[in-house]
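Sequence and predicted structure below; questions after.
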Amino acid sequence: MDGMWADLLPVGRDGATGGYRRHAWTPADLACREWFAAEAARRGLDLVVDRNGNQWAWWGDPDADGPGVVAGSHLDSVPDGGAYDGPLGVVSAFAALDRLRDRGLVPGRPLAVASFTDEEGARFGIACAGSRLLTGALDADRARNLTDSDGTTLADAMRSAGHDPTHLGRDDETLRRVGTLVELHVEQGRALVDVGAPVGVASTIWPHGRWLLDLAGEANHAGTTRLEDRDDPMLRLAAAVLAAREAAIEHGAVATIGRVAVAPNGTNAIPSRVRAWLDARGAVEADVRAVVAEVAAAAAVDAVEESWTAEVAFDATLRDRLTGLLGGVPVLATAAGHDAGILAAAGVEAAMLFVRNPTGVSHSPAEHAEVDDCHAGVDALATVLAHLTAARP
Ligand code: HGY
Ligand code: MN
Ligand code: MN
């Protein structure tokens, strides 16, 4: 594990912030994809890149002997993201497969390591884009026409990276191969550290979504325009940001406006337009919807829903089986979205393992997990995979 981790660590890392910028279909992302292919080749696994760009490294033939068991996560990051969110799950999946081989175990079912494309949606705005396309939760034409901040479409970015976007969309051939998905992920919170446990099992993913607030104003001179003559969209943005916090407190939810695009973005120009993206989440859908409505009202704008993830309750039988198998580890909900949640919502049997995060911090260069806890995660994943694949000497 440590060698894989060391190889991956410098890929897409920003020297100034120490954070990662592994955004979909950029050179950094392609370097991660090459890393994945090399690790698959090193183990003699059959590498499959599906029509949506997701990578699968198979030990055994899921078409002949499937459906199989898949362990994986994602390699892309948010802007200035941490080292563990995503990569810990992919590295741990390869390491767990190595553990089975080290113990002389052969799976009774095909086993794969997977890396889902564009889980963060950092460049094109839709989280879990690869798994949403795979399951049909994201329309292919809409996906192809998503644009990044430079106006590059997803289709063009994929083509430039050598991946044909023509056949994006639900992929039943790939889905049929997946009998059970287990995603290991660094915990993005403090539940495990607060109970002193290195590993936990997921119960649910909170409902959450992303909304665009598109605020039009009137461009004008910052110095010569009288206050009473101004139509400054920044004031409505300010109202939205404050309303997001107040509504979140009121409804027991969380709400964030972390991404803003100002046009023309000049120091001495009243903006003509401000676009802001609201991320809202909560244990109860109605609370999330109430937060969005109050933010939209405060900004006097319609909030345009860009993505929505309904609550995911992971398969309770599988959840309890794995919890017992691991000796009664904690079971915890998360407000973070994951590819395992997208596949579970599409009817795939799925589970998640969490590895302790000593500070709970994520989506930050400060994100961290202790080596011993990472190894505990690999041990747990290997135990789970041996069980699920009925591995035998
Ligand atoms: O936004 C999320 O919860 C995940 O990191 N994509
Ligand atoms: Mn993330
Ligand atoms: Mn993640």
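Received, thanks. Ligands and ions are numbered 1, 2, ... in the order given.

Please count neighbours and contacts with C-alpha atoms only from this point.
Fine.

near ligand 3, which residues of this structure?
Residues of the chain lying close to ligand 3 (CA under 5 Å from the ion) are 85, 86.

For the helix or strand where residue 34 lies, give me every contacting residue.
Using DSSP states H and E, residue 34 maps to helix 27-42. Contact with helix 27-42 is made by 8, 11-12, 21-23, 46-47, 55, 57, 75-76, 94, 115, 161, as judged by CA atoms under 8 Å, 6 or more residues apart in numbering.

That one: what's the following helix or strand?
Downstream of helix 27-42, the next assigned helix or strand under DSSP H and E is strand 46-49.

Alpha carbons only: can I get that following strand in CSV?
C-alpha atoms of strand 46-49 as CSV (Å, rounded to 0.1, in the frame of the first residue of the first chain):
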residue,chain,number,x,y,z
ASP,A,46,-8.1,-7.1,-17.0
LEU,A,47,-8.5,-3.4,-17.4
VAL,A,48,-11.9,-2.2,-18.8
VAL,A,49,-12.7,1.4,-19.4
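
Does ligand 1 have contacts with stretch 178-188?
No - residues of stretch 178-188 are not located near ligand 1 by CA under 6 Å from any ligand atom, the shortest gap being 8.6 Å.

That stretch: how far from the chain's middle?
With CA atoms, centre = their mean, to the nearest Å as the basis, stretch 178-188 stands 11 Å off its chain's centre.

So which residues make contact with that stretch?
Residues external to stretch 178-188 that are found in contact with it (CA under 8 Å, 6+ apart): 66-73, 84-86, 88-90, 92-93, 334, 336, 339-340, 348-357, 360-362, 369, 377, 381.

Now go through those and say which are in strands.
Residues of the contacts of stretch 178-188 located in strands (DSSP state E): 68-73, 334, 349-355.

Go through these and give me the one with the most neighbours.
Taking other CA atoms under 10 Å as the neighbour criterion, residue 71 ranks highest of these with 32 neighbours.

what about the residue in the stretch 251-393 of the chain positioned nearest to ligand 3, how many neighbours?
Closest residue of the stretch 251-393 of the chain to ligand 3, CA to the ion: residue 338 (5.9 Å). As a burial measure, residue 338 scores 24 neighbours (other CA under 10 Å).

So what touches stretch 5-17?
19-22, 28-29, 31-32, 35, 80, 83, 91, 365.

one more time with 7 Å, if that's ok
Identification of contacts with stretch 5-17 by CA atoms under 7 Å, 6 or more residues apart in numbering yields 19, 20, 21, 22, 28, 31, 32, 80, 83, 91.

related to what we said a few turns ago, from the ones in strands among the contacts of stretch 178-188, which two are the most distant?
68 and 334 (26.2 Å; CA to CA).

and the closest residue to ligand 1 within the chain, how many neighbours does it have?
Closest residue of the chain to ligand 1, CA to the nearest ligand atom: residue 336 (3.3 Å). As a burial measure, residue 336 scores 15 neighbours (other CA under 10 Å).

do the same with residue 317
By the measure other CA under 10 Å, the count of residues near residue 317 is 10.

What's the per-residue pLDDT of it here?
Confidence at residue 317, expressed as pLDDT, is 97.

That one looks like it's in a strand, true?
No - Residue 317: not assigned to a strand; according to DSSP: H, G, I helix; E, B strand; the rest coil it is helix.

what's the distance between it and residue 203?
Here residue 317 is placed at a distance of 11 Å from residue 203 (CA to CA, to the nearest Å).

re the thing from before, quick one: the helix holding residue 34 to strand 68-74, angle?
Helix 27-42 runs at 150 degrees relative to strand 68-74, counting by axes from the mean of the first three to the mean of the last three CA atoms, to 10 degrees.

Quick one: mean pLDDT over helix 27-42.
Here helix 27-42 scores 98 as its mean pLDDT.

Centre of the chain to it, how far?
18 Å.

returning to what we had before: among the contacts of helix 27-42, name the buried ones.
8, 11-12, 21-23, 47, 55, 57, 75-76, 94, 115 (16 or more other CA atoms under 10 Å).

In strands only, show me the residues you listed.
Members of these lying in strands (criterion: DSSP E): 47, 55, 57, 115.

any chance of those in CSV, plus distance to residue 244 and pLDDT?
Output for those, formatted as CSV (distance: CA to CA, whole Å; pLDDT from 0 to 100):
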residue, distance to residue 244, pLDDT
47, 44, 98
55, 37, 98
57, 42, 98
115, 34, 98
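
My read is that residue 67 contacts residue 177, right?
Yes - Residue 67 is within contact range of residue 177, at 4.5 Å (criterion: CA atoms under 7 Å).

Please report phi then psi for the residue nearest the centre of the chain.
The centre of the chain sits closest to residue 119, judged by CA atoms, centre = their mean, with a distance of 3.7 Å. Main-chain torsions, residue 119, degrees, to the nearest 10: phi -70, psi -30.

which residue sits closest to the residue of the chain closest to ligand 1, ignoring its sequence neighbours?
The shortest distance from residue 336 to any non-neighbouring residue, by CA to CA, 6 or more residues apart in numbering, is to residue 205 (6.6 Å).

my read: that neighbour touches residue 311, true?
Yes - at 5.7 Å, residue 205 counts as touching residue 311 under the criterion of CA under 7 Å.

More neighbours: the two, which one.
Legend: neighbour count by other CA under 10 Å for residue 205 and residue 311, higher for residue 205 (24 against 20).

for the record, mean pLDDT for stretch 212-228?
Stretch 212-228 comes out with an average pLDDT of 98.

Can you list the buried residues in that stretch?
For stretch 212-228, a neighbour-count test (16+ other CA under 10 Å) marks 212, 213, 214, 215, 216, 217, 219, 220 as buried.

Over to stretch 182-193?
Across stretch 182-193, burial judged by 16+ other CA under 10 Å covers 182, 183, 184, 185, 186, 187, 188, 189, 191, 192, 193.

the strands in the stretch 101-250 of the chain, which residues?
For the stretch 101-250 of the chain, the strands defined by DSSP state E, counting those that start in this stretch cover 111-116, 178-186, 199-205, 208-216, 220-221.
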